[in-house]
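>>> pasted the sequence and its predicted model underneath.
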Amino acid sequence: MAVISVEHLSYQYKDGTLALNDISLTISKNSKVAILGPNGAGKTTLLLHLNGIFTPQKGKVEILGRTIDKSSQKWVRNKVGFVFQDPDDQVFSPTVWEDVAFGPRNMGIAGEELEKRVSTALKVAGISEIAQKSPFNLSYGQKKKVAIAGILAMETEIIILDEPVTFLDPQGKKDLFSLLDQLQHSGKTIIIATHDINLAAEWAEKIIIIKEGKLLTQGDTSLLANKKLMEEANLALPIVSEIFSDYIDEAQPLPTTIKEAQEIIKRWLKK
Ligand SMILES: Nc1ncnc2c1ncn2[C@@H]1O[C@H](COP(=O)(O)OP(=O)(O)OP(=O)(O)O)[C@@H](O)[C@H]1O
Ligand SMILES: [Mg+2]
């Protein structure tokens, strides 16, 4: 079942930049999706259409079966959580605790339920110990975690993260992705925009590649091992694919994940 459907979506900024040019795609329920593309490709502009921050100028966006327009803008914000690319666009309350409480409070959650949601979100984001600090005095990585916790506390069905790993240290990155996997196991749909091709290869089930506002292609992670396509998209191959490209017959598929690479090495060692 598709939870998101985008049909012939175009979007032009006021200065005339055509940021999205006739994009159509669908995202199924409970999937893990990575949107890739070079700087300025239109990733953020597309994502801003998926939780009603932008409404379509041309074309159609449907979320959970409902068309997004001015009348459904408020509704969709409670269905789709959005972690902004820049945490400074999202974090603004006097304390971290208040900041994380902002989203669920706006949804009408109060009292014990609010306390519970905030403390759980702080805990899973690994920031309980800074709950009383001012978000303005935090490091960028910490601010990003506050923004993520705020979205978790809303418990939305769909979660979008625009460049989630920017500013996160290796442990923070690992923790975030095990958290995203847990959320997926609990039935949520997760969409990220990222420049981290290795991470997309390891984590995603579906890849969407955009360039210059157009959909270049969508499919599974094997797309990432397609040299010609990656060059066309101004993207690099995942490191494992790059390493194996010199040693594997062109007719054979290249590995995209560490696990696939290890399987190939094991087979070679057995020979
Ligand atoms: N507020 C704005 N006014 C005018 N043009 C804009 C605005 N925001 C974005 N753009 C332009 O729209 C295009 C798409 O930008 P967008 O931010 O969606 O790209 P992106 O794929 O998210 O890039 P990045 O990888 O750098 O985050 C770019 O050409 C950008 O310059
Ligand atoms: Mg962006």
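Right, received. Where do you want to start? Numbering: from 1, shown residues only. Ligands and ions are numbered 1, 2, ... in the order given.
>>> who touches the helix or strand harbouring Glu231?
For Glu231, the host element (DSSP states H and E) is helix 227-232. Helix 227-232 has contacts (CB atoms under 8 Å, 6 or more residues apart in numbering) with 209, 211, 216-217, 223-224, 236-237, 245. All C-beta atoms are positioned from the backbone trio N, CA, C, and that covers glycine.
>>> switch the cut-off to 7 Å
Here helix 227-232 makes contact (CB atoms under 7 Å, 6 or more residues apart in numbering) with 216-217, 223-224, 236-237, 245.
>>> most neighbours among those, please name it.
Using other CB atoms under 10 Å as the neighbour test, these are led by Leu224, with 28 neighbours.
>>> that one contacts Ile207, doesn't it?
Yes. Using CB atoms under 7 Å, Leu224 makes contact with Ile207 at a distance of 6.4 Å.
>>> got any residues that touch both of those two?
Contacts common to Leu224 and Ile207, judged by CB under 7 Å, 6+ apart, are Ala200.
>>> assign the residue in the chain that ligand 2 sits nearest to to helix, strand or coil.
In the chain, the residue that lies nearest ligand 2 is Thr44 (3.2 Å; CB to the ion). Assigned with DSSP: H, G, I helix; E, B strand; the rest coil, Thr44 falls in the helix class.
>>> what is the rounded mean pLDDT of the host helix or strand of Lys144?
Using DSSP H and E, Lys144 sits in helix 140-152. For helix 140-152, mean pLDDT rounds to 93.
>>> after that helix comes which helix or strand?
Assignment by DSSP H and E places the next element after helix 140-152 at strand 158-162.
>>> CA atoms only: put that next one into CSV for me.
C-alpha atoms of strand 158-162 as CSV (Å, rounded to 0.1, in the frame of the first residue of the first chain):
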residue,chain,number,x,y,z
ILE,A,158,5.8,8.7,8.7
ILE,A,159,9.2,10.2,9.6
ILE,A,160,11.3,12.3,7.2
LEU,A,161,14.8,13.2,8.0
ASP,A,162,16.7,15.7,5.8
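>>> given that strand, what are its sheet partners and their directions?
strand 80-83 (parallel), strand 189-193 (parallel) (DSSP bridges).
>>> which parts of stretch 28-42 are buried?
30-37, 41-42 (16 or more other CB atoms under 10 Å).
>>> what lies in contact with that stretch?
With CB under 7 Å, 6+ apart, stretch 28-42 has contacts from 1-3, 19-20, 27, 43, 46, 184, 187, 189-194, 197, 200, 203-213, 233-235.
>>> filter those down to just the ones in strands.
In this view, the contacts of stretch 28-42 that belong to strands under DSSP state E are 2-3, 19-20, 27, 189-193, 206-211.
>>> give me the nearest residue to the residue nearest the centre of the chain, chain neighbours excluded.
Nearest to the geometric centre of the chain sits Ile192, at 1.3 Å (CA atoms, centre = their mean). Computed as CB to CB, 6 or more residues apart in numbering, the closest residue to Ile192 that is not its neighbour in sequence is Leu161, at 4.7 Å.
>>> beta partners of that neighbour?
Beta-bridge partners of Leu161, as defined by DSSP bridges: Val83, Ile192.
>>> nearest residue to the one residue in the stretch 51-200 of the chain that gets nearest to ligand 1 other than its sequence neighbours?
Here the stretch 51-200 of the chain gets closest to ligand 1 at one residue, Gln85, 5.8 Å apart by CB to the nearest ligand atom. Nearest non-adjacent residue to Gln85, counting by CB to CB, 6+ apart: Asp162, 4.0 Å away.
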